[in-house]
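1. make a model of this:
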Amino acid sequence: MDHTGLVAIGAGLAVGLAAIGTGLAQGRIGSAGVGLIAEKREMLGLVILLIAIPETMVILGFAVAAMVLLLGGGVSG
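-> Below you'll find the predicted structure:
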């Protein structure tokens with residue numbers, strides 16, 4: 001039985017759901033960060049760091065998608 005389509009859907013969900021979660025988190029952190037920077041300009045570095053931290057979820061989602069594709073038989077070769 002060929003399950004290539006299900007493997008592709010699983011890989012897409014891994015990246016897509018991680019990206020949605022990251023977008024929601026970065027939106028809230030970014031809006032709070034802009035308010036903080038407006039009051040204390042010296043906090044810019046901290047806000048940039050806090051915005052970058054959730055991005056690791058997308059990187060991990062991509063790694064999971066790659067593993068699903070490569071180890072799950074989604075890539076024929």
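
2. now for the host helix or strand of Ala65, which elements pack on it?
-> Element membership for Ala65, per DSSP states H and E: helix 55-71. In terms of contacts (3 or more CB pairs under 8 Å, 6 or more residues apart in numbering; DSSP states H and E), helix 55-71 is packed against helix 4-39. In short, each C-beta sits where N, CA and C put it, glycine included.

3. and the helix it packs on, which residues are buried?
-> 7-8, 10-11, 14-15, 18, 22, 25-26, 29, 33 (16 or more other CB atoms under 10 Å).

4. same list (those residues) but as TSV, adding distance to Gly45 and pLDDT.
-> Compiled in TSV, the buried residues of helix 4-39 are given as follows (distance: CB to CB, whole Å; pLDDT from 0 to 100):
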residue	distance to Gly45	pLDDT
Val7	41	87
Ala8	40	88
Gly10	38	89
Ala11	35	91
Ala14	31	92
Val15	29	95
Ala18	26	94
Thr22	21	95
Ala25	19	94
Gln26	17	94
Ile29	14	95
Gly33	11	95
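
5. re earlier: could you check the angle helix 4-39 makes with the helix holding Ala65?
-> On the basis of axes from the mean of the first three to the mean of the last three CA atoms, to 10 degrees, helix 55-71 is oriented at 170 degrees to helix 4-39.
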